[in-house]
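**Student:** Sequence and predicted structure, then a few things I'm wondering about:
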2 protein chains.
Amino acid sequence: MEKLEPFSFSKRFEGVPLIGSAFAGEHPGLIPLAFGFPYPDSFSIDELAESSVSALRTAGTEALQYSGGPGQKKVLEWIRERSRLRSIHVDTDHILITSGSNQGIDLAARTLTDPGDAVWVDAPVYFGALRAFYLAQTELTAFPVDDQGLRVDVVEEALIEAAAGKRAMPKFIYVLPNYHNPAGVTLSVERRKKLAELAYQYNFYIIEDDAYVELNFGGEFLPSIYSFGPERVIYMSTFSKIVAPGIRMAWVISDPEVLSRIKIVKTDGLTSVFVQEMISRFLEKVDFEAHLKPLVEGYRLRRDAMVNAIHEFFGDEVSFEKPEGGFFLWLTFPPETDTTKLLHEAVKAGVSFVDGKSFYLVDKPTNNLRLAFSFCDEKQIREAIQKLAEVYKKQKNAVC
Amino acid sequence: MEKLEPFSFSKRFEGVPLIGSAFAGEHPGLIPLAFGFPYPDSFSIDELAESSVSALRTAGTEALQYSGGPGQKKVLEWIRERSRLRSIHVDTDHILITSGSNQGIDLAARTLTDPGDAVWVDAPVYFGALRAFYLAQTELTAFPVDDQGLRVDVVEEALIEAAAGKRAMPKFIYVLPNYHNPAGVTLSVERRKKLAELAYQYNFYIIEDDAYVELNFGGEFLPSIYSFGPERVIYMSTFSKIVAPGIRMAWVISDPEVLSRIKIVKTDGLTSVFVQEMISRFLEKVDFEAHLKPLVEGYRLRRDAMVNAIHEFFGDEVSFEKPEGGFFLWLTFPPETDTTKLLHEAVKAGVSFVDGKSFYLVDKPTNNLRLAFSFCDEKQIREAIQKLAEVYKKQKNAVC
């Protein structure tokens, strides 16, 4: 056997940052505020077990076979009906089941772009989406977020520049409108409407990542961006936050032309027919509102525990927008704080979070961090925030 | 709202052929010899139902959660042990669970290549793989297959030309060594060994698609290509043919450097943890050899029914290699026959198959076609071959 020469892998890996720090701290006893996971008690195990048996015993031959279709009919119909709450009125031919929302984001990005194309995102931005856009070898530009979500006015200025040939026109803009990951904020109705209008005017798409929409702590449901621009929005949502992530089932809503292309790029075949049959039965079996209510209440109580603990242990040292839903709270420290350094000490003290810089395009220190209130219980959350405050104060005093 | 301009989608779709004719014929009463599907009775529905309940009741909290790992430990261990039968001796860090083999092919292709890179395939070739390679925007060259599988001698000549700068060196060669889809043939041991040596010598990868290996009708198990070149082979196999396609579970075996890159491109997260837990319990519950034996026997009986019917109804009009395993029989007609035209008439008469040209890079008529003996029962198979022979003879006489 000859000596093995090095092999030159695809260039698509060159732009992909590794997100190491976020999940570095899997020490025993660590309270993981890094994990954007549902809390374990949120899973309806008995109902899912009954649904899986029912799926296999009554439709096993179909559920276990290959299928070329867009998804199980009753699941598609459930999504269609539920989407009306987001002011989305479509037939099931506008819906495709995907293996998680991340897959949908990846497929949509590769459907809309070629390497070198411009893609615009908000900042901070969900790093799973960023990774997909880097892998698609797109050129990313980030736009700021305030307490009303993405600054659509800044986006419009840039579009005017692009139309004047001063910068590349984006193929799409990625937006997470409800209970933003990581910023926790919600995009205002005015901005949704305006963004959709801009998509028509300047001929780009919007990828609307609506993963957290059902986890609403009491406010009204806002109309989706899709409802203002169905021909230029690819809308996504998921069962991960309302049933379970381990089933890997999400969906894309878009016009059939886009869906037909997404289906071509989707090389894993139809997302598990068996799991779809199971979820179909689960959705038939449960009263969905009754299922959702305690789930959302569980997240609201955790959010409250986190907010209260931050007030108790940090006082005025930090600032944040109180999230009205979702999984995350975005904490801002005084400008001199470097949350990547803070993370290092926090993990030693028994708390993890994701440092702010993981959510930006530029690799430089930031004074923000993301806390997930979704996974731990209220006692753990209080304890973790107390520890985090101790670590922060110690580090601050060491600097002074 | 302004008038909507056309949108320019990704160029990756330009090279992708639609495989329409293969699945055109979903008429009632049609006998689908086009479908490369397991036969319905092959599914162990009761055992899978028990396994799904057991997975949820004993490990529901983990099975329903997010996970970042390579796969469920016991499933990985089962694959490791089973792979020894292919002369593959690896630890579980060399194994990654994927959502079907097609996903593995797509991920491997995008890990190894950039658009414009050369990829070599055999011809005829599985169209699912072709589609992935077109989507990856690679430049394809096809090499002939004979009764011993891929003509490795022809490949070597081309590699010598590539080394001399007369053509592009491939980044990988795609091979389906056992019970080839569609050609039904098996790659000889000598050619496996030679191909692995060439991969080291000329520094390319081999994607070894071993989807059908367990469906062996009595011959010996040959060592995998991987066993001759572990540093330059990405091996794939699947639960689709031995448990069920609807669960969407397959695996990739490769060195950890390649796997770490494949994991980055795999944006659907870990393939359903719940399904993995279920299959883990299924594999614990069943005696796998006892499970496999009637399954393989079912395919062998169907193969025999097809071979006998071809002899009975076609006589010497057609030729084929008798498949020693797998799902498919590749039928060759006299040179003047156009199987695409034949398909058109066959569907009207109540039989479907896949015309030969769907398995080639060049869009021109061929005198071959693929018959799947995997899905229909023996009575249906005989009836379908009889109908097919009638259609063929009618068309032949019309031409004369």
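**Tutor:** Great, that's in hand. Numbering: from 1, shown residues only, chains lettered A, B, ... in the order given.
**Student:** Contact residues of the stretch 251-400 of chain A facing chain B?
**Tutor:** A:261, A:264, A:265, A:267, A:268, A:269, A:271, A:272, A:273, A:274, A:275, A:278 (Cβ under 8 Å from any Cβ of the partner chain). Heads up, the C-betas are built off the backbone N, CA and C, glycines and all.
**Student:** Tell me the residues on the stretch 101-250 of chain A that lie near chain B, please.
**Tutor:** Contact residues (Cβ under 8 Å from any Cβ) of the stretch 101-250 of chain A with chain B: A:102-103, A:105-106, A:110-115, A:128, A:131-132, A:135, A:197, A:200-201, A:203, A:205, A:231-232, A:240, A:244-248.
**Student:** what packs against the lengthiest helix in chain A?
**Tutor:** Longest helix in chain A by number of residues (criterion: DSSP state H): helix A:288-314. In terms of contacts (3 or more Cβ pairs under 8 Å, 6 or more residues apart in numbering or on different chains; DSSP states H and E), helix A:288-314 is packed against strand A:328-332, helix A:378-399.
**Student:** Is it possible to mark the buried ones in the residues of the stretch 101-250 of chain A next to chain B?
**Tutor:** Neighbour-count burial (16 or more other Cβ atoms under 10 Å in any protein chain shown) applied to these gives A:102-103, A:105-106, A:110-115, A:128, A:131-132, A:135, A:197, A:200, A:203, A:205, A:231-232, A:240, A:244-248.
**Student:** what residues go with each domain of chain A?
**Tutor:** Following the assignment in automatic domain parsing, chain A carries domains at A:11-44+A:290-399, A:69-269.
**Student:** circling back: among the buried ones among the residues of the stretch 101-250 of chain A next to chain B, which lie within helices?
**Tutor:** Using DSSP H, those in helices are A:102-103, A:105-106, A:110-112, A:128, A:131-132, A:135, A:197, A:200.
**Student:** Serialize these to JSON lines and add fields for pLDDT.
**Tutor:** Shown next, in JSON lines, are these (pLDDT from 0 to 100):
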{"residue": "A:102", "pLDDT": "94"}
{"residue": "A:103", "pLDDT": "95"}
{"residue": "A:105", "pLDDT": "97"}
{"residue": "A:106", "pLDDT": "97"}
{"residue": "A:110", "pLDDT": "97"}
{"residue": "A:111", "pLDDT": "97"}
{"residue": "A:112", "pLDDT": "97"}
{"residue": "A:128", "pLDDT": "92"}
{"residue": "A:131", "pLDDT": "92"}
{"residue": "A:132", "pLDDT": "95"}
{"residue": "A:135", "pLDDT": "94"}
{"residue": "A:197", "pLDDT": "97"}
{"residue": "A:200", "pLDDT": "96"}
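**Student:** Residue A:318: which of these is nearest?
**Tutor:** Comparing these against residue A:318 with Cβ to Cβ places residue A:128 closest, at 25.6 Å.
**Student:** can you pull the contacts of that closest one?
**Tutor:** By Cβ atoms under 8 Å, 6 or more residues apart in numbering or on different chains, residue A:128 lies in contact with A:102, A:105, B:267.
**Student:** circling back to that earlier point, show me how far the longest helix of chain A is from its chain's centre.
**Tutor:** Here helix A:288-314 is found 19 Å from its chain centre; the criterion is Cα atoms, centre = their mean, to the nearest Å.
**Student:** quick check: angle from it to helix A:378-399?
**Tutor:** Interaxial angle of helix A:288-314 relative to helix A:378-399 (axes from the mean of the first three to the mean of the last three Cα atoms, to 10 degrees): 30 degrees.
**Student:** any idea whether the closest residue to chain B within the stretch 301-400 of chain A is helix, strand or coil?
**Tutor:** Closest approach between the stretch 301-400 of chain A and chain B, counting by Cβ to the nearest Cβ: residue A:375, at 9.1 Å. Counting by DSSP: H, G, I helix; E, B strand; the rest coil, the backbone at residue A:375 sits in coil.
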